[in-house]
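Chemist: the following block contains a protein sequence and its predicted model.
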Amino acid sequence: MLPVRVTLYHNPAAHLPAKAGENNEKRALVGLESVDTQTWSRFEEDRPQLNAAQSLIRDHTVLSDLLEGIRVEQTSYRLLRNGDGVLDGRRAPDELVGFYFLTGEVEFTSPGAKPIHARKGDYLLLCHGTRYCIRPTSENGKCSIGHLVFSLDGLRARLLFRILPKVLFISGLSQEEMQWQMQLEHLITHHPRAFSTASPAINHRLIEASIISNIQTFFYREGSQAYQIDSPHLVRVYASVKALHECPERAWTIAALADLSSMSKTLFVAKFKDATGMPPARYLSMLRLDRVKELLRARSLSLTQIAHRTGYSTDMALIHAFKRQFGITPGQFRSVHQWS
């Protein structure tokens, strides 16, 4: 019996629009590998052990829960080329700023963080702080950098910023890792309609997967850091935080939330504010509005239905709260942001 061959497709470039004069069929075949069934069987046998040995982030932790809740509102990509001088930049409060170092060598500095020396194949994600500076250190003073800005939405993202290190630095991405990440960003930011009518939702999910992948890679490279990252303040109240995330529509009381965290009401309110940066009532209000925005984007629900699902007594109560927070009505938000 002849051995059966299985073809593995793992080339994201095949989905990019072809260059002028480029043969689509030839482009789609680049990067394919064929393996016989014996090799595939060995891979299947080894995969459970690999997954167990290379567990990146433990399930059912504060970090894993916050990563699941990442939502991207906007993203931008640009290629920075610098002949000499210094590149200065600023990070907004709800943004992650990423850099792929493509050519040359640089020194990256940000107030409160140690200087980082980066070169081709390195990746850096700035999670805290506002200002940063990139100074070329190559002999010719030249460098090329892929600059990414992710605007994140929601309280989970803000909590994630509070517990992540200031800078996530990944040294020496493989050629395959770098190629995949760069092509993904290029596809989404330069070809927004590459996935037809479903493109907004799909592109958002791909970007979110890219962010999570980079954070996981950092923790895998850094060994035990993923087990140490959970903020002590956040761990103490996270049973309550998670309950709010899961059921924001409930009529929560301080007593009920404090009981979930096994604390007195006074201690709970103080610890909750330490962990999240705001009192429980304010956090719940913001969480409900985040959920409203999510439903306005993704579903054709009436405002009355959305109000019922998010803890507002009437659609008018929802409209007033939404406009007070964001300066526009839910209908205006939906007309701009709903995924088609």
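Modeler: All right, it came through fine.
Chemist: so where's this structure shaky on pLDDT?
Modeler: Counting by pLDDT under 70, the chain shows low-confidence ranges at 1-60, 82-85, 182, 185-201, 223-231, 299, 338-340.
Chemist: what segments of it are strands?
Modeler: Ranges of strands in the chain, per DSSP state E, are 5-8, 33-36, 72-82, 87-90, 95-103, 105-109, 116-119, 123-126, 131-136, 143-152, 167-170.
Chemist: export the ones you listed as a markdown table, with columns for distance to residue 319 and mean neighbour count.
Modeler: (Glycine included, C-beta is placed from N, CA and C.) Shown next, in a markdown table, are the strands of the chain (distance: least, Cβ to Cβ, whole Å; neighbours: other Cβ atoms under 10 Å):
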| stretch | distance to residue 319 | mean neighbour count |
| --- | --- | --- |
| strand 5-8 | 51 | 11 |
| strand 33-36 | 55 | 11 |
| strand 72-82 | 21 | 15 |
| strand 87-90 | 34 | 13 |
| strand 95-103 | 28 | 21 |
| strand 105-109 | 45 | 18 |
| strand 116-119 | 47 | 17 |
| strand 123-126 | 37 | 22 |
| strand 131-136 | 38 | 18 |
| strand 143-152 | 25 | 20 |
| strand 167-170 | 39 | 20 |
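Chemist: so which of those is nearest residue 336?
Modeler: Residue 336 lies closest to strand 72-82 among the strands of the chain, at 11.2 Å (Cβ to Cβ).
Chemist: could you list the paired strands of the closest one along with their orientation?
Modeler: Its sheet considered, strand 72-82 pairs with strand 143-152 (antiparallel) by DSSP bridges.
Chemist: re the thing from before, right, so of the strands of the chain, which gets closest to residue 239?
Modeler: Between residue 239 and those, the shortest separation by Cβ to Cβ is 23.9 Å, and it involves strand 143-152.
Chemist: contacts for that closest one next, please.
Modeler: Here strand 143-152 makes contact (Cβ atoms under 8 Å, 6 or more residues apart in numbering) with 70-82, 87, 92, 94-106, 134, 136, 160, 182, 185, 207, 211.
Chemist: mind doing that once more with 6 Å?
Modeler: Contact with strand 143-152 is made by 72-78, 80-82, 94-104, 106, 136, 185, as judged by Cβ atoms under 6 Å, 6 or more residues apart in numbering.
Chemist: what angle do strand 95-103 and it make with each other?
Modeler: 160 degrees (axes from the mean of the first three to the mean of the last three Cα atoms, to 10 degrees).
Chemist: residue 97 against residue 89, yeah?
Modeler: No - using Cβ atoms under 6 Å, residue 97 is not in contact with residue 89, being 7.2 Å away.
Chemist: list phi and psi for the nearest residue to residue 71 once chain neighbours are set aside.
Modeler: Closest residue in space to residue 71, ignoring its immediate chain neighbours: residue 153 at 4.6 Å, by Cβ to Cβ, 6 or more residues apart in numbering. Dihedral pair for residue 153: phi -120, psi 140, per degrees, to the nearest 10.
Chemist: how many residues are close by residue 153?
Modeler: 20 (other Cβ atoms under 10 Å).
Chemist: now it: how far from residue 241?
Modeler: For residue 153, the distance to residue 241 equals 17 Å [Cβ to Cβ, to the nearest Å].
Chemist: pairing partners for residue 72 in the sheet, please.
Modeler: Beta-bridge pairing for residue 72 (DSSP bridges): residue 152.
Chemist: enumerate every residue touching it.
Modeler: 150, 204, 207-208.
Chemist: now render the residues you listed as a markdown table, adding distance to residue 330.
Modeler: Shown next, in a markdown table, are these (distance: Cβ to Cβ, whole Å):
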| residue | distance to residue 330 |
| --- | --- |
| 150 | 25 |
| 204 | 20 |
| 207 | 25 |
| 208 | 23 |
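Chemist: just give me the closest of the residues you listed to residue 313.
Modeler: Closest to residue 313, out of all of the contacts of residue 72 and judged by Cβ to Cβ, is residue 204, at 30.9 Å.
Chemist: which one is that closest one nearest to, not counting chain neighbours?
Modeler: In space, residue 204 is closest to residue 72, 5.2 Å off (Cβ to Cβ, 6+ apart).
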